[in-house]
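Student: next one to model:
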Amino acid sequence: MNKGLSEDQTDALQELANIGMGQAGDSLARIWKEFVHLSIPKIAIVDASRLPALIHGFVGDTAVSASRQAFHGGFRGEVLVVVSAKDRNGLANLMGYEGQLDSVEREEVLLDIVNLLGGACVGGIAQQVNAEIGFSAPSLIGEDIDPLDVIHPDQLAIDKALSLEVCFQVENRSLTAHLVILLPNNEVGALAELLDQFLCTL
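Tutor: Numbering: from 1, shown residues only. Model (predicted):
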């Protein structure tokens with residue numbers, strides 16, 4: 001059981017995440033015209049100092065490109081999307097980019113991906129708990145960086161975070177992207193209230 005959520009709240013979030021991610025996968029499959037497989041969301045309460053190791057555990061030692069997008073409203077946090085260079089180029093092709101990408105196009109792809117995946121996943125969860133969610137403009141974290149450098153704990157004004165991680169795979173193209181939703185520990189209470197309201201409707 002996560003320290004920030006009760007067992008019932010954690011189970012509810014797991015179920016809502018499963019449904020939200022399934023809806024996101026269906027939406028992406030229609031957009032991309034490819035079958036999109038999503039892993040079962042992994043939920044954890046993590047010390048901020050452990051977040052770099054968390055990202056490394058998802059992707060391994062390969063260099064990655066990463067982008068981020070903050071969200072706010074009924075609950076606040078941010079979405080990170082982490083992809084390898086190979087997967088970034090494959091996703092670019094899937095999204096209609098052709099040939100060798102220049103630096104501007106590579107950044108556009110990464111911003112488009114976090115906007116698309118983050119909107120689908122966070123929006124799917126928020127819709128089920130009747131929460132209004134808005135998104136800030138996405139931004140680039142870096143290209144071809146060490147996964148341990150995706151998050152710098154000393155730049156975070158939090159000591160713990162709720163992490164929800166999903167792996168996206170586009171089967172026919174062997175493409176993978178990792179999406180991580182982070183809620184700072186002072187926002188977990190807001191999510192817990194929404195989950196309690198949802199449980200009362202069952």
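Student: for the rest of this, base every contact and every neighbour count on C-alpha atoms.
Tutor: Will do.
Student: could you pull up phi and psi at Pro138?
Tutor: phi -70, psi 160 (degrees, to the nearest 10).
Student: pretty sure it sits against Asn115.
Tutor: Yes - counting by C-alpha atoms under 8 Å, Asn115 is a contact partner of Pro138 at 6.5 Å.
Student: need the overlap of contacts for these two.
Tutor: Gln69 (C-alpha atoms under 8 Å, 6 or more residues apart in numbering).
Student: quick one: low-confidence residue ranges for the protein.
Tutor: 1-3, 156-157 (pLDDT under 70).
Student: tell me which stretches of it form helices.
Tutor: For the chain, applying DSSP state H gives helices covering 7-32, 51-59, 85-94, 103-128, 185-200.
Student: now tabulate the ones you listed in CSV and tack on mean neighbour count and distance to Ser163.
Tutor: Below are the helices of the chain laid out as CSV (neighbours: other C-alpha atoms under 10 Å; distance: least, C-alpha to C-alpha, whole Å):
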stretch, mean neighbour count, distance to Ser163
helix 7-32, 18, 12
helix 51-59, 17, 9
helix 85-94, 19, 23
helix 103-128, 19, 13
helix 185-200, 17, 10
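Student: need those helices in JSON lines (columns: distance to Ser174).
Tutor: Formatted as JSON lines, the helices of the chain follow (distance: least, C-alpha to C-alpha, whole Å):
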{"stretch": "helix 7-32", "distance to Ser174": "14"}
{"stretch": "helix 51-59", "distance to Ser174": "15"}
{"stretch": "helix 85-94", "distance to Ser174": "8"}
{"stretch": "helix 103-128", "distance to Ser174": "16"}
{"stretch": "helix 185-200", "distance to Ser174": "34"}
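Student: of all the ones you listed, which lies closest to Leu164?
Tutor: When these are compared by C-alpha to C-alpha, helix 7-32 sits nearest Leu164, at 8.6 Å.
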